[in-house]
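In: no sequence on hand, only this structure:
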């Protein structure tokens, strides 16, 4: 089958949940399962000190799509509308060296490191002790 396919679309999925962690490089729009995974990972806006819940935030490509950034788990972060605008306008800059680790750089050049709490590992089905 693969030998006769005109093209392939690479989709990276989470080994436990099956959620999509990355989409084809030609996809700007974030698939719903990837949105959910990033919002769960981040919990809140990733700007230092902001506590707006990720469910109310926009998802932003840390490396902009127009500059070759991919629509992937390691290049998306939740930013509230205000902080997303600060990034878009060039006041604040963000880097994401590892998925969920954000380095925010202020207009004055100060750097702030934030990390996302990893989601809990799946627990095996253990019967209750009673």
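Out: Cool, got the structure. This one's a predicted model, so the numbers in the text were calculated from it and none came from an experiment.

In: now do the helices in this protein.
Out: 32-42, 81-88 (DSSP state H).

In: lowest-confidence stretch among the ones you listed?
Out: Among those, helix 32-42 has the lowest mean pLDDT, at a mean of 93.

In: residue 58 contacts residue 78, correct?
Out: Yes - Residue 58 is within contact range of residue 78, at 7.4 Å (criterion: Cβ atoms under 8 Å). The way it works is simple: take the backbone N, C-alpha and C, and place the C-beta from them, glycine included.

In: give me the more crowded residue out of the two.
Out: residue 78 (29 against 14; other Cβ atoms under 10 Å).

In: next, the contact list for the residue nearest to the spatial centre of the chain, please.
Out: For the chain, the residue nearest the mean C-alpha position is residue 76 (3.1 Å; Cα atoms, centre = their mean). Residue 76 makes contact with 30, 34, 38, 59, 60, 61, 62, according to Cβ atoms under 8 Å, 6 or more residues apart in numbering.

In: again, only using 6 Å
Out: Residue 76 makes contacts with 38, 59, as judged by Cβ atoms under 6 Å, 6 or more residues apart in numbering.

In: in the sheet, who's paired with it?
Out: Per DSSP bridges, residues listed as beta-bridge partners of residue 76: residue 61.

In: now residue 113. Nearest residue, chain neighbours left out?
Out: Counting by Cβ to Cβ, 6 or more residues apart in numbering, residue 103 is the residue found nearest to residue 113 once chain neighbours are left out, at 5.6 Å.
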